[in-house]
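J.: generate coordinates for the sequence data below:
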Amino acid sequence: MGFNAYPARPGAIGEVHARPHPLIDSPRVLVQLSFMTETGSSKDWAILAELARTLGVAAPDQQARHYAMKWGKGTLRWERHTEFSTYLWEGPLGEPDGKHGEDTPFGNGFSAPGPVISGIRLEIRDWTPETEKLIADFDPESLCYSIVESGRAAAITDFRQNGEGLTRILILDRGLSPSRRGALAQRLLEIETYRTFAMLGLPLAQSLSGRLTRIEERLAELTGAMRASGRRDSQVLLTELTELAAELEAQAAASLYRFGASRAYDGIVGERLAALGEEAVPGYETWSGFLTRRVAPAMRTCRSVEERQDNLSRKLSRATNLLRTWVDVEMEQQNRDLLASMNNRARLQLRLQQTVEGLSVAAVSYYVVGLVAYLTKGTSLFHGWIKPEALTAILVPAVVLSVWLFVRRIRKSHSDELPHAK
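T.: Have a look, this model is predicted:
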């Protein structure tokens, strides 16, 4: 309409169409691989550009987050996520003899953009007595069998991996439209993918648990040593507490993203399970029941480790602040003792100075009187009316007083200059 658009408007509007579910016919097979690509999408773009060049089609834009191209009798779809990317091939089913003849792009010539983290093989078949027998191929110990889409489909899996390392999922279709079939397939793929990523926090939580126990035990030892005031070395204790706090904060910083991502992925899994609208099949477990029982404890473990880290960080902070207060008090006591010692030393120096001044007055007076004696003896000015020895004796008090006044004046002038020197 001729108005200036906000720069972020296209991205905000286009996000709701960023990952549309495909329209899928039946029977069909979907093979999805998820790769860790935390360093960015440059490797993804190089792989897709090479595949596009092989097929003679346009390569995706380097800033694109999703892309699709025809591959064989099916379609290859790529999506970029925060820390991983998915490659989904959807095409016709191969022979049902176990030797699948699908023409997927994941052959020997496919270059992976990173380590694989999740692999899924999802088959969509018409719901018939023959296809229903395929349920027997799944592991009965972890078999999940639910009625979905208001009874028009069934979702079956055992969350086990086949010989190719792919999690097997089976959809039995009883009259779904291509759109609903694609939405159901996408939802099941996301449940398995995000379930895997949510569980990545568990190994980290288990590895951190032992370290947290060691830090907790050491903190208990240090706080016990803090109570023993007679044998406490505050500086050493403060150093050890600081090192423990630094170690804990480093671990918390390293695990912050992983635990946060696990919570987010677990939330997505819960939303997708709720959207399935499962109906239980007698004698079988539902997807939500199985995953709640298996995934929920792992998520609680991750949350527990996070809470232990937060609580331990607060305890370390309180202990460090308390010990730092003690160190400050001890330093103030040391400073007080040092000032008292300096005062005593200054008092002794003053007494010594006064003693030296007295001796200095005596010594200077002695030399001045000696000079006066030489002067009176060497001249005949006073010989007529007083002897030189008597004159020298008379002048001694005057000389001593003059020297004493002179020395006192010098000391007073130096005392007056001290504040200005500071």
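
J.: helices or strands up against the one helix or strand Arg214 maps to?
T.: Counting by DSSP states H and E, the element that carries Arg214 is helix 201-227. Helix 201-227 sits against helix 234-276, helix 287-378, with contacts defined as 3 or more CB pairs under 8 Å, 6 or more residues apart in numbering; DSSP states H and E. Heads up, the C-betas are built off the backbone N, CA and C, glycines and all.

J.: burial of Pro105, as a residue count?
T.: A count of nearby residues for Pro105, using other CB atoms under 10 Å, gives 19.

J.: for Arg28, see how far away it is.
T.: 16 Å (CB to CB, to the nearest Å).

J.: and for Tyr6?
T.: Tyr6 is 41 Å from Arg28, where distance means CB to CB.

J.: cool, Asp137 as well?
T.: According to CB to CB, Asp137 stands 18 Å off from Arg28.

J.: the two: who's more crowded?
T.: Arg28 (22 against 12).

J.: wait, that one touches Gly94, no?
T.: No. Contact criterion CB atoms under 8 Å: Arg28 and Gly94 do not qualify, at 11.3 Å.

J.: burial of Phe35, as a residue count?
T.: Other residues within reach of Phe35 by the criterion other CB under 10 Å amount to 19.

J.: looking at the sheet around it, what are its partners?
T.: On DSSP bridges, the residues paired with Phe35 through beta bridges are Ser85, Val116.

J.: use 17 as the first number for this chain going forward.
T.: Understood, numbering begins at 17; the last thing we discussed is Phe51.

J.: helix, strand or coil for Asp119?
T.: Classification of Asp119 using DSSP: H, G, I helix; E, B strand; the rest coil returns coil.

J.: show me where pLDDT drops low in this structure?
T.: Filtered on pLDDT under 70, the chain yields the residue ranges 30-31, 33-35, 111-117, 124, 245-248, 370, 394-402, 430-438.

J.: where do the domain boundaries of it fall?
T.: Taking automatic domain parsing as the criterion, the chain consists of the domains 35-201, 217-352, 366-430.

J.: quick one: closest of those domains to Ala28.
T.: Checking the domains of the chain against Ala28 by CB to CB gives domain 35-201 as the closest, at 14.0 Å.

J.: thinking again about what came up before, got the angle for the helix holding Arg230 vs helix 303-394?
T.: Interaxial angle, helix 217-243 versus helix 303-394 (axes from the mean of the first three to the mean of the last three CA atoms, to 10 degrees): 40 degrees.

J.: I'd like the distance between the spatially most central residue of the chain and Gly276.
T.: Averaging the C-alpha coordinates of the chain gives a centre point, and the residue nearest to it by CA atoms, centre = their mean is Ala269 (1.3 Å). Distance check for Ala269 against Gly276: by CB to CB, it reads 12 Å.

J.: over to Lys393?
T.: Counting by CB to CB, the separation of Lys393 from Gly276 is 105 Å.

J.: next up, phi/psi of Glu106, please.
T.: In terms of degrees, to the nearest 10, the main-chain angles of Glu106 are phi -120, psi 130.

J.: pretty sure it contacts Arg44?
T.: Yes. With contacts counted by CB under 8 Å, Glu106 reaches Arg44, the gap being 6.4 Å.

J.: quick check, Val73 in a strand?
T.: No. Read with three-state DSSP, Val73 is coil and lies in no strand.

J.: how many other residues sit next to it?
T.: Residues near Val73, counting by other CB under 10 Å: 11.
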